[in-house]
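S.K.: no FASTA, just this:
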């Protein structure tokens, strides 16, 4: 997992509440090996009709959204099943940050385990950001995890603002280091080994 520092990238708005993980990545694609990538399947059924043809007007398919790294979504994003594949699809499509008023709990946790930063901002502020991005396709947001700030949209006609966002200190530390919980635990391998040796010596009957 790559360390997360500052993301300065195009942002795209998705004005849909309660986007669940099956909409992010349909269940019929979950058999694919992780190494094959999931980016091309992101929001597959929202972007394609029953015959597989692209539906017109989906925000991520607009030319100005090409290469977007930040998704500004509606409330309860990532609800539904616990599939980690939903985060993989977003990350493989180039997303580094998802901003929303609220997230599904398991999706939110999975984001941190896979290098994707979920940011909770007030519902009114998220609506303002989405409206500004709709008016200014291709505008950028700057997300600084160390400072816990979102700046932008940059390149718009109606100015920009700086928002501070909350994040759990340990999750912040791990993202900045490019580690998951397993990597964090391995930092303490020597101490764990010493504890286990002492424990075995103190209680040899176990």
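M.R.: Happy to help now that I have it. Just so it is clear, the model here is predicted, and its values are computed rather than measured. Numbering: from 1, shown residues only.
S.K.: switch to C-alpha atoms for all contacts and neighbour counts from now on
M.R.: Noted.
S.K.: from the contact counts, what lies against the lowest-mean-pLDDT helix or strand in the chain?
M.R.: Using mean pLDDT, DSSP states H and E, the weakest-scoring helix or strand in the chain turns out to be helix 181-186, at a mean of 74. Applying 3 or more Cα pairs under 8 Å, 6 or more residues apart in numbering; DSSP states H and E, we find helix 181-186 packed against no helix or strand.
S.K.: got the contact list for it?
M.R.: With Cα atoms under 8 Å, 6 or more residues apart in numbering as the test, helix 181-186 has contacts from 113, 174.
S.K.: how far is it from where the chain is centred?
M.R.: Remark: helix 181-186 is offset 20 Å from the chain centroid, using Cα atoms, centre = their mean, to the nearest Å.
S.K.: how near is the most centrally placed residue in the chain to residue 86?
M.R.: Taking Cα atoms, centre = their mean as the criterion, residue 116 is the residue nearest the geometric centre of the chain, at 3.7 Å. To residue 86, residue 116 is 11 Å away according to Cα to Cα, to the nearest Å.
S.K.: what of residue 5?
M.R.: Distance from residue 5 to residue 86, by Cα to Cα: 22 Å.
S.K.: which one of those two is surrounded by more residues?
M.R.: Neighbour count, other Cα atoms under 10 Å: between residue 5 and residue 86, residue 86 has more, with 28 against 14.
S.K.: the more buried one belongs to a strand, doesn't it?
M.R.: No: counting by DSSP: H, G, I helix; E, B strand; the rest coil, residue 86 falls outside a strand, being helix.
S.K.: which elements pack onto the next helix or strand after the least confident helix or strand of the chain?
M.R.: Downstream of helix 181-186, the next assigned helix or strand under DSSP states H and E is helix 189-202. Contact partners of helix 189-202 among helices and strands, from 3+ Cα pairs under 8 Å, 6+ apart: none.
S.K.: just the strands in this protein please.
M.R.: With strands called from DSSP state E, the chain shows them at 6-13, 70-72, 97-100, 117-120, 140-144, 149-154, 161-164.
S.K.: tell me which of the ones you listed lies nearest to residue 189.
M.R.: Nearest to residue 189, of all these, is strand 117-120, at 27.2 Å by Cα to Cα.
S.K.: phi, psi of the residue of the chain positioned farthest from its centre?
M.R.: Distance from the C-alpha centroid of the chain, by Cα atoms, centre = their mean, peaks at residue 205 (47.4 Å). Per-residue torsions, residue 205: phi -80, psi -10 (degrees, to the nearest 10).
S.K.: so how far is residue 198 from it?
M.R.: For residue 205 relative to residue 198 (Cα to Cα), the value is 13 Å.
S.K.: what about residue 179, how many residues nearby?
M.R.: 21.
S.K.: surely it and residue 112 touch.
M.R.: No: in this structure residue 179 lies outside contact range of residue 112 using Cα atoms under 8 Å: 9.3 Å.
S.K.: buried sites along stretch 44-53?
M.R.: Buried positions in stretch 44-53, judged by neighbour count with 16 or more other Cα atoms under 10 Å: 44-45, 47.
S.K.: JSON lines for those, including distance to residue 135 and pLDDT?
M.R.: Shown next, in JSON lines, are those (distance: Cα to Cα, whole Å; pLDDT from 0 to 100):
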{"residue": "44", "distance to residue 135": "25", "pLDDT": "96"}
{"residue": "45", "distance to residue 135": "26", "pLDDT": "95"}
{"residue": "47", "distance to residue 135": "21", "pLDDT": "94"}
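S.K.: all set now, cheers.
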